[in-house]
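Colleague: Fold the following.
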Amino acid sequence: MTARELALNILYRIEYGEGYANIQIDKELKKSDLSNVDKALTSEIVYGVLTWKMTLDEIIMMYSSIKIKKISPWILNILRMGIYQIVFLDKIPISAAVNESVKLAKKYGHEASSKFVNAILHKIEKNEMEKLLDFLSTKPILEAELISIVTSHPLWLVDELLKQYDKKFVTELLNANNQKTDITIRANTVKTSRDELFHLLRLKNIDCKKGELPDSIITKTVADFGTQLFVVQDEAAQLACLKLNPLPGEKILDACSAPGGKTTYLADLMQNEGRIDAWDIHPHRVKLVEETASRLEINIIKAEVKDATEYQGLLKDHYDKILLDVPCTGIGVIRKKPDIKWQRKAEDIAEMAQIQEKILNTCSEYLRSGGKLVYSTCTVFKQENEEQIEKFLAKHPEFILEEKINLYPHIDGTDGFFIAVLKKE
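Modeller: Prediction:
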């Protein structure tokens, strides 16, 4: 199976709900005997098509006499892949993109399908985005719809953001979601230091630099060595842990802990001394926390299956500090997980906000007087962030807001993130 055929199969599975892109890609590439160069091409095409899917479909509609909904899912994805390679990838010859797409159309369609693909792709040029803008300028469409098409984000998402932020902010945020990002890793300070890890990476001629936070490194690639020594983790997530400031010997609750990146950073900051109760509602995700802790040789984490929305009376006033990195719409991590924007719906915001409110109200009861609680999300919707905290403080006068932090990809270069630091008086 070629790199492009594997990409096509992964895109088909994602479209029909068989998992997230990162999980599907990891699983399929592990099974594949493709070269590293071809594996990289597979990933590039999958993430590229998912990032630009709406824009690619608009380009197809400029040239196709057949409506999008009438095109076979296989042929539609072959067209998306071909156009993505021509318009967005400079190192792929146009002839290769066209010829390989036609071959796939013959295999996953029929003779007419391959002619259809060939006819459309022969019309595609490098400046297709400019041609699309010219085409759209002749159409009577609303501003939000134009932003939606050219940034390739669903219209409901653009509408929601425009209710909360101005047009310039929203456009820059959505454009940042489409940019490729470097990898951020965090040194496991139970085993090494950032300086030592940085030195090891440089010895392997890996292009990297020290990050803004004390344990972070920004790198182009992750070396296949020393998996005990680091965790892939965005600086926004690291900052949430630093703001909790857990100390050696303290009792900590991480109530929504899987897959364990933040949990293990809390343990690092505690110098692996004390106790962390790590909860998740799903057994397989609790196992991920245990595996991460074991890999990093951290032994103060007790991971267990628990629903953070259900009150546990025996735990009242039990913890020194609590991290609530609550389930959310995930809109802040679209640049790393572009399939999120196609899977989420407008009604998810209210549904998530309800769960978040329940977790916050329930778990706040477990904090001792004088203790600290950090509430965090990886979204930019105010209903899940500022408004959630305002509602909580109105009901809980014993808590004060010490600090509130909003992070955005286009401003801070991190995931979109919200952090609220609360203290129980």
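Colleague: Which helix or strand contains Leu50?
Modeller: Secondary structure from DSSP states H and E places Leu50 in helix 36-63.
Colleague: again with Pro259
Modeller: Per DSSP H and E, there is no helix or strand for Pro259.
Colleague: Next up, the contacts around it.
Modeller: Residues in contact with Pro259 (CB atoms under 8 Å, 6 or more residues apart in numbering) are Arg285, Leu288, Val289, Thr292. No exception for glycine: its C-beta is placed from N, CA and C like everyone else's.
Colleague: what about it, distance to Val190?
Modeller: 18 Å (CB to CB, to the nearest Å).
Colleague: Next: Asn245.
Modeller: From Asn245 to Val190 the distance is 17 Å (CB to CB).
Colleague: For these two, indicate the residue with more neighbours.
Modeller: The residue with more neighbours, out of Asn245 and Val190, is Val190; 18 against 13, by other CB atoms under 10 Å.
Colleague: Hmm, Gln271 and the more buried one touching each other?
Modeller: Yes - shown here, Val190 and Gln271 form a contact pair, counting by CB atoms under 8 Å, at 7.5 Å.
Colleague: Which residue, other than its chain neighbours, is closest to His122?
Modeller: Val98 (6.6 Å; CB to CB, 6 or more residues apart in numbering).
Colleague: Quick one, grab the pLDDT at that neighbour.
Modeller: Listed pLDDT for Val98 reads 96.
Colleague: Only the C-alpha atoms, please, for the strand or helix carrying it, written as PDB.
Modeller: Using DSSP H and E, Val98 maps to helix 94-108. In PDB, the C-alpha atoms belonging to helix 94-108 read as follows (Å, rounded to 0.1, in the frame of the first residue of the first chain):
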ATOM      1  CA  ILE A  94       1.700  18.400  -9.900                       C
ATOM      2  CA  SER A  95       2.000  15.500 -12.300                       C
ATOM      3  CA  ALA A  96       2.600  13.100  -9.400                       C
ATOM      4  CA  ALA A  97      -0.400  14.400  -7.400                       C
ATOM      5  CA  VAL A  98      -2.600  14.000 -10.500                       C
ATOM      6  CA  ASN A  99      -1.300  10.600 -11.700                       C
ATOM      7  CA  GLU A 100      -1.400   9.000  -8.200                       C
ATOM      8  CA  SER A 101      -4.900  10.300  -7.600                       C
ATOM      9  CA  VAL A 102      -6.200   8.900 -10.900                       C
ATOM     10  CA  LYS A 103      -4.700   5.500 -10.000                       C
ATOM     11  CA  LEU A 104      -6.500   5.500  -6.700                       C
ATOM     12  CA  ALA A 105      -9.800   6.500  -8.400                       C
ATOM     13  CA  LYS A 106      -9.500   3.500 -10.700                       C
ATOM     14  CA  LYS A 107      -9.000   1.200  -7.700                       C
ATOM     15  CA  TYR A 108     -11.600   2.700  -5.400                       C
END
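Colleague: give me the low-pLDDT residue ranges for the stretch 101-250 of the chain?
Modeller: 223-226 (pLDDT under 70).
Colleague: ok, which stretches of it are strands?
Modeller: 183-187, 208-210, 216-219, 230-232 (DSSP state E, counting those that start in this stretch).
Colleague: now those strands in CSV, with mean neighbour count and distance to Arg368?
Modeller: Formatted as CSV, the strands of the stretch 101-250 of the chain follow (neighbours: other CB atoms under 10 Å; distance: least, CB to CB, whole Å):
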stretch, mean neighbour count, distance to Arg368
strand 183-187, 22, 28
strand 208-210, 16, 36
strand 216-219, 20, 31
strand 230-232, 20, 29
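Colleague: and those as CSV, adding distance to Lys126?
Modeller: Output for these, formatted as CSV (distance: least, CB to CB, whole Å):
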stretch, distance to Lys126
strand 183-187, 29
strand 208-210, 32
strand 216-219, 30
strand 230-232, 34
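Colleague: list the contacts for Pro409?
Modeller: Contacts of Pro409 by CB under 8 Å, 6+ apart are Leu173, Ala176, Asn177, Gln179, Gly332, Arg335, Asp415, Gly416.
Colleague: and the longest strand for the protein?
Modeller: strand 367-377 (DSSP state E).
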